[in-house]
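In: turn this into a structure:
(one chain, ligands or ions: 1)
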Amino acid sequence: MFKELEAQSEALREAARVEPLGLYLHIPFCVDRCAYCSFVSTREESLRPAVLERLRQDLQTWGDELGHPLVDTVYLGGGTPSVLTAGELTALTDEVKQAFDLSALLEATLEANPGTVDPAWLQVARGLGWDRISLGVQTLDDDLLRRLGRIHDARTGLEALQQARAAGFQRISADLMIGIPGQDLARVLDDARQLVAAGASHLSIYMLDLDKDCPLKAEVAAGRLVLPTEDAVAEAFEALQEALPSLGLPAYEISNYARPGQLSIHNTRYWERRPYLGLGPSSASHLGPWRWTESGDLHAWTKGTGARDIQELNPAEALAEIPLLGLRMLRGIDWEDLRARAAGLALLPLVEKWEQELEIFIQLGLLTRQGANLRFSRKGLLLSNPVLEIFV
Ligand code: SF4
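Out: Have a look, this model is predicted:
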């Protein structure tokens, strides 16, 4: 635990006792930097021992400080966790098992870049207990993959899915990106079909995000590449909404589709506001009323000198997160339950204000209210941002 939260150690320990945690570990290494990347990642191999040692220390410290609580989901993200050698992955997995109680583990996911996996590594990972894999395929068009600066081609993307299946992974997710310059609708739909046919039981749809400075953004700014129009991206999103259920993968969240029983349990905890601990640079945590994000400055994080962003949510902020996050799930939220919680916190006027603001979106057909249940309609899933802004 770090000094800013030392005074809260008993409260944090209690929060970790109330229900099992999710554990996220960030592996900040990649073979190469993609042209659109805004994640904390580096190609500096020399940093690896220090980063892994720091992760080991953090696992031990937090495990001790929180009293070795139950963890029911583990997620190894990045970066590219699949750049870890089999030995490094084994050591890290053992450290997680020593620090936390995994006796009620529901899911252990690792992210992998198709360009960095092979059958032997996948078998080691599966044998260590990782039972879900999320592959960053993005697209099956070699020209687009080159444009994105990905290190793999389409064939390698599909082979990674097949190799994961052969290694015993039955829960396989693939990332599919939309909004790439030069990508057309037929390509998106064909990619989705091929990924499902190759064994993906879960698809995460990402829109290309060029908010932060990156080489692809510079290409677009210089006029050398043209982004698809907003209408074209919306059309792709809608076409996937239409196509994926008929391929056996209905949506369960705005951008996530899964075969029945194959949703990401770890990611669902974010939308349900269940507690999680993030370790590694830029990782986020939510425990009790506290949310914090580790420094994204890799060198500073490794030395333990990076600034953390720590926030203690007040009751109104915590209440607002219930619809803000929960409405992302297609099943929606129980509005009467929200009202009851608000009443217990003397925050009913806040909920009544939201109700007034939501009314227009219900009338426009973006939200559906049936009894206590409030959820987005299909049209609303596409236009969710203005609705969710009510709760920000
Ligand atoms: S694989 Fe992911 S984290 Fe690594 S450079 Fe590419 S986008 Fe960034």
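
In: which residues are in contact with whichever strand or helix holds A320?
Out: Secondary structure from DSSP states H and E places A320 in helix 315-326. Outside helix 315-326, the residues within contact range by CB atoms under 8 Å, 6 or more residues apart in numbering are 270-273, 289, 313, 332-333, 338, 341-342, 345, 347, 350-351, 354, 374, 388, 391-392. C-beta coordinates here come from the backbone N, C-alpha and C atoms, glycine included.

In: past that helix, which element shows up next along the chain?
Out: Later in the chain than helix 315-326, the nearest helix or strand by DSSP H and E is strand 333-334.

In: that following strand packs against which elements?
Out: helix 315-326, strand 373-376 (3 or more CB pairs under 8 Å, 6 or more residues apart in numbering; DSSP states H and E).

In: repeat that with 6 Å
Out: Taking 3 or more CB pairs under 6 Å, 6 or more residues apart in numbering; DSSP states H and E as contact, there are no helices or strands that strand 333-334 lies on.

In: who's in contact with the helix or strand following it?
Out: Using DSSP H and E, the helix or strand that follows strand 333-334 towards the C-terminus is helix 335-344. By CB atoms under 6 Å, 6 or more residues apart in numbering, the residues outside helix 335-344 that reach it are L319, I322, L348, V351, A372, L374.

In: ok, now stretch 230-246?
Out: I178, G179, L185, V188, L189, Y257, L382.

In: so of those, which ones are in helices?
Out: L185, V188, L189, L382 (DSSP state H).

In: the ligand contacts on the stretch 101-250 of the chain?
Out: Contact residues (CB under 6 Å from any ligand atom) of the stretch 101-250 of the chain with the ligand: N113, G136.

In: so who does L158 touch?
Out: Counting by CB under 6 Å, 6+ apart, L158 has contacts A198.

In: pLDDT score for M1?
Out: For M1, the model assigns a pLDDT of 69.

In: my bad, should have said E6
Out: Confidence at E6, expressed as pLDDT, is 82.

In: need the phi and psi values for the closest residue to the ligand within the stretch 151-300 of the chain.
Out: Closest residue of the stretch 151-300 of the chain to the ligand, CB to the nearest ligand atom: I151 (7.7 Å). Dihedral pair for I151: phi -90, psi 0, per degrees, to the nearest 10.

In: ok, and the closest non-adjacent residue to it?
Out: Leaving aside its sequence neighbours, I151 sits nearest to G115 (CB to CB, 6 or more residues apart in numbering; 3.9 Å).

In: kindly report the same for G149.
Out: Closest to G149 by CB to CB, 6+ apart is A35, at 3.5 Å.

In: point out where this protein drops to low pLDDT.
Out: 1 (pLDDT under 70).

In: centroid residue for it?
Out: Centroid-nearest residue in the chain, with CA atoms, centre = their mean: N267, separated by 5.7 Å.

In: name the element that one belongs to?
Out: helix 265-271.

In: give me the buried positions along the strand or helix carrying E352.
Out: In this structure, E352 sits in helix 348-363 according to DSSP H and E. Neighbour-count burial for helix 348-363 flags L350, V351, W354, L358, F361, I362 (criterion: 16 or more other CB atoms under 10 Å).

In: and those residues, which is closest to the ligand?
Out: Within those, proximity to the ligand (CB to the nearest ligand atom) peaks at F361, which comes in at 33.5 Å.

In: got a list of what that closest one touches?
Out: F361 touches L367, V387, counting by CB under 6 Å, 6+ apart.

In: G67 in helix, strand or coil?
Out: The local conformation at G67, judged by DSSP: H, G, I helix; E, B strand; the rest coil, is coil.

In: give me the number of residues near it?
Out: Applying other CB atoms under 10 Å, we find 12 residues neighbouring G67.

In: I figured it was touching R13, is that so?
Out: Yes. Between G67 and R13 there is a contact at 5.4 Å, judged by CB atoms under 6 Å.

In: the residue nearest to I151: what secondary structure?
Out: Look at G115: counting by three-state DSSP, its state is helix.

In: quick check: beta-bridge partners of L287?
Out: Assessed by DSSP bridges, L287 has beta-bridge partners W290.

In: may I see the domains of this structure written out as residue ranges?
Out: Domain ranges of the chain: 3-271, 330-392, per automatic domain parsing.

In: next, count neighbours for L287.
Out: 23.

In: isn't it up against E14?
Out: No. The pair L287 / E14 is not scored as a contact, 9.8 Å apart, by CB under 6 Å.
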